[in-house]
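*Asks:* Just the structure for this:
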Amino acid sequence: MPTGSYSRTDGAGSAWTGRLRRLLVASLAGIAIGFVVLLATSQGLRTIRGGRIGGDLPAFYGAGRIVRGGETPRLYDAEMQEAAQRDLLPGISGRVAFAYPPYVALAYVPLTWLPFKTAYAVHALVMALCLLAALALLRPVLPAVRAELVPLFAASLLFYPIFRAVLGGQNTPLSLLCAAGAAAALARRRDGLAGVCAGAWLFKPQYAVAVAAMLLVGRIDRRRFLIGFAAVALGYYAVGWILAGWDWPLWWLRHAREFTVADYAVDRGNGISLAEIAGEYGLTPLGWVAAAATAGFALWIVRRSRMHPVSAIALATLTAVLIAPHSLYYDGGLAALALIAAGSLDRSTFVVIVALWLLAWLQPVRAYLPLPPMTIVAIASMWLAARAESPARVHELGLE
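*Replies:* Next up is the predicted model:
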């Protein structure tokens with residue numbers, strides 16, 4: 001095992017580490033039992049406490065229904081979305097808006113072959129497996145993941161934004177899988193495969209394009225990366241063309257802009273991007289200046305240094321989250337990649353990582369705080385990722 005990898009220590013430290021490891025592993029069983037009880041005790045789509053099962057999944061499930069019914073040209077029609085979700089939102093009028101590209105809706109069609117509650121359970125399981133797969137991809141290149149896969153899986157699943165994304169019908173773990181895949185490929189100098197992984201992330205174009213642009217200023221084979229990225233992008237475009245005509249990007253972008261404006265009003269307290277925070281205080285221009293400065297800092301770091309690939313991807317990913325016009329708190333779950341990289345490459349960051357992990361759980365009381373906890377977590381995680389890029393440390397761990 002490389003000299004910088006995690007190893008067991010003697011005495012009190014070993015006992016404390018062992019207890020933490022057992023607690024994290026036991027938490028997986030607790031989460032599974034709690035999820036089964038939630039579904040088993042619910043009446044229809046209502047929990048025994050009166051809540052609603054499904055989170056944001058009705059948006060995706062409803063979009064799958066629309067595509068399955070051959071109505072893709074009306075995919076972003078408010079009335080059509082409301083009709084497709086009417087039985088999925090008991091006691092609630094309206095809809096959960098869907099604004100993803102058409103090929104994302106196609107991916108959810110198979111779920112519509114299942115009853116909604118079953119589809120919700122399957123979706124949660126798939127997202128948990130995406131998280132596990134992301135960690136498995138990182139095992140060969142990060143010593144901490146290699147040594148502690150299961151405890152890290154538990155800790156990542158209990159990271160507040162990821163926990164809420166899995167149970168809330170969102171897809172942050174899939175984004176994390178794409179980022180981890182790109183990082184693992186770059187670590188093996190398979191830049192074309194890294195481009196494919198980044199291209200697969202185009203189900204969230206605002207992140208995939210930003211990350212790809214930042215990576216292109218680094219020390220990679222740009223031609224191979226772009227070929228892989230473009231191949232997936234063209235595949236996605238072809239699927240959209242089949243579903244909705246050659247000009248689908250034009251009307252999708254129009255609806256995406258409308259959604260961003262409308263959703264900002266609804267999710268005002270859940271936004272974590274720099275522009276959204278500045279907008280809350282009536283300082284929107286300052287938010288864009290801060291976003292430009294953040295992007296410039298990230299580009300400078302990636303360009304000037306020999307960063308470990310996971311650190312580079314983590315830095316680019318969090319930059320994309322912070323500079324986007326609209327990012328919600330569960331998107332902050334992508335900070336997990338930076339925290340894992342920092343903890344693996346520099347053990348001295350452990351206390352800071354734990355503090356940030358705990359800080360994320362303050363997001364539900366964001367209304368009483370001057371800044372979103374997840375924004376603070378994202379910025380601090382960026383700093384940790386940049387700090388862990390030391391070439392000497394990378395060489396010490398045998399990860400070049």
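*Asks:* Just give me how far the one helix or strand V196 maps to sits from the chain centre.
*Replies:* Using DSSP states H and E, V196 falls within helix 191-200. In terms of C-alpha atoms, centre = their mean, to the nearest Å, the centre of helix 191-200 is found 17 Å from the chain centre.
*Asks:* next structured bit after that helix?
*Replies:* Heading C-terminal from helix 191-200 (DSSP H and E), you reach helix 205-215.
*Asks:* Show me which parts of that next one are buried, residue by residue.
*Replies:* Buried residues in helix 205-215, counting neighbours by 16 or more other C-beta atoms under 10 Å, are found at P205, Q206, Y207, A208, V209, A210, V211, A212, M214, L215. Backbone N, C-alpha and C define where each C-beta goes, glycine included.
*Asks:* Could you do stretch 218-226 as well?
*Replies:* Buried positions in stretch 218-226, judged by neighbour count with 16+ other C-beta under 10 Å: G218, I220, R224, F225, L226.
*Asks:* So the last one is in contact with G195, correct?
*Replies:* Yes - if you go by C-beta atoms under 8 Å, L226 and G195 touch, sitting 6.3 Å apart.
*Asks:* is it true that G192 touches F225?
*Replies:* Yes - assessed by C-beta under 8 Å, G192 is found in contact with F225 at 6.7 Å.
*Asks:* for stretch 38-53, what is the average pLDDT?
*Replies:* Per-residue pLDDT over stretch 38-53 has a mean of 82.
*Asks:* And the contacts of that stretch?
*Replies:* Stretch 38-53 has contacts (C-beta atoms under 8 Å, 6 or more residues apart in numbering) with G54, L88, L89, P90, G91, I92, F116, K117, Y120, A121.
*Asks:* Show the contacting residues for the spatially most central residue of the chain.
*Replies:* Nearest residue to the geometric centre of the chain (C-alpha atoms, centre = their mean): T172, 3.1 Å. T172 makes contact with M127, P161, I162, A165, Y330, D331, G333, L334 under the criterion C-beta under 8 Å, 6+ apart.
*Asks:* Now it. Nearest residue, chain neighbours left out?
*Replies:* Counting by C-beta to C-beta, 6 or more residues apart in numbering, T172 lies nearest to A165, which is 3.8 Å off, once chain neighbours are set aside.
*Asks:* can you check L339 too?
*Replies:* Distance criterion C-beta to C-beta, 6+ apart; nearest residue to L339, sequence neighbours excluded, is I353 at 5.0 Å.
*Asks:* ditto for P372
*Replies:* Nearest to P372 is I272, by C-beta to C-beta, 6+ apart, at 4.7 Å.
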